[in-house]
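> Sharing a model that was predicted from the sequence below.
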Amino acid sequence: MKKITFLFIVIIGLFQISLFAQENPKPVKVRFLGEFGLEYGGDELIEIFFTNGEDQKMLVGQGIYLAAGAQIEFTKIQPLLIRTSVGFKYNTTAATNANIRLTRVPILLMPYYRFGDGFRVGAGITTHELVYFRGDDFVPDIDFNSSLGSKFEFGYKAVALSYTSVKYSAGIEELSAWSIGLNFSFALPQN
């Protein structure tokens, strides 16, 4: 709960900056941020065996995600950029007779340094909330807690590579939900 409160205060503070920016001509520009991507990695959560003899491992860091938030740019500090977002990350198995899945809500706050013609590098904090594994009555359901983690990103225009380091815990068991990812993002309105 402290993680969510901290991130909420930071996000409110950033939106306060945007309100101040409306009073003064353009010291801060706030744009809508949209992002989607694919991530892979982490500890093995479960291995599923199919009737045809094949198997599939579900890793806690893998999944597809969709996120929305704000991109904050500073006119007096042009290389600096801050992005904050809330998303939904989903992973499932190839089973046709079961809906075994892992869902979570990633929350991110990341400052970036822009350089060259469209390149950026960022390092920020993240947490994954509402982390649920559902076994669809084949295996037990698990509700995880997430640690406050870190995320690093290197991007060029709309495309970026990322690395996330976060841990999930349930009772005494702790799993590393690290992941590497490829994501695509856009900010509106365009410059």
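Received, thanks. Predicted model, so just to flag it, every value in this text is computed and none were measured.

> so where does residue 186 fall, helix or strand?
Per DSSP states H and E, residue 186 falls inside strand 179-188.

> Sheet-wise, list the partners of that strand with their directions.
Using DSSP bridges, strand 179-188 pairs in its sheet with strand 28-40 (antiparallel), strand 159-165 (antiparallel).

> Mind putting those strands into CSV with mean pLDDT?
What follows is those, written out as CSV (pLDDT from 0 to 100):
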stretch, mean pLDDT
strand 28-40, 96
strand 159-165, 98
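
> Quick check: the nearest residue to residue 138 once chain neighbours are set aside vs residue 169, distance?
Computed as CB to CB, 6 or more residues apart in numbering, the closest residue to residue 138 that is not its neighbour in sequence is residue 98, at 5.3 Å. Backbone N, C-alpha and C define where each C-beta goes, glycine included. According to CB to CB, to the nearest Å, residue 98 and residue 169 sit 25 Å apart.

> And residue 153, by the same measure?
Counting by CB to CB, the gap from residue 153 to residue 169 is 25 Å.

> neighbour count winner among the two?
Set residue 153 next to residue 169 and count neighbours by other CB atoms under 10 Å: residue 153 wins out with 21 against 13.

> Checking my notes, the residue nearest to residue 138 in a helix, right?
No - Residue 98 is assigned coil when assessed by DSSP: H, G, I helix; E, B strand; the rest coil, not a helix.

> Where does pLDDT dip in the chain?
Applying pLDDT under 70 to the chain flags residues 1-25, 191.

> So what sits opposite the nearest residue to residue 186 once chain neighbours are set aside in the bridge?
Distances taken as CB to CB, 6+ apart put residue 34 closest to residue 186, at 5.2 Å, once the chain neighbours are dropped. With DSSP bridges as the criterion, residue 34 is bridged to residue 68, residue 186.

> Residue 34 and residue 90, how far apart?
Taking CB to CB, one finds residue 34 at 17 Å from residue 90.

> Then residue 152?
Residue 152 is 22 Å from residue 90, by CB to CB.

> How about residue 188?
Distance check for residue 188 against residue 90: by CB to CB, it reads 24 Å.

> again, but for residue 184
Counting by CB to CB, the gap from residue 184 to residue 90 is 17 Å.

> could you pull out the strands for this structure?
In the chain, strands defined by DSSP state E lie at 28-40, 44-49, 55-59, 63-74, 80-92, 101-115, 119-134, 142-146, 149-156, 159-165, 167-170, 173-176, 179-188, listed in chain order.

> Now do the buried residues in the last one.
Residues of strand 179-188 classed as buried: 179, 181, 183, 185, 187 (neighbour count, 16 or more other CB atoms under 10 Å).

> just the angle between it and strand 55-59, please?
Counting by axes from the mean of the first three to the mean of the last three CA atoms, to 10 degrees, strand 179-188 lies at 60 degrees to strand 55-59.
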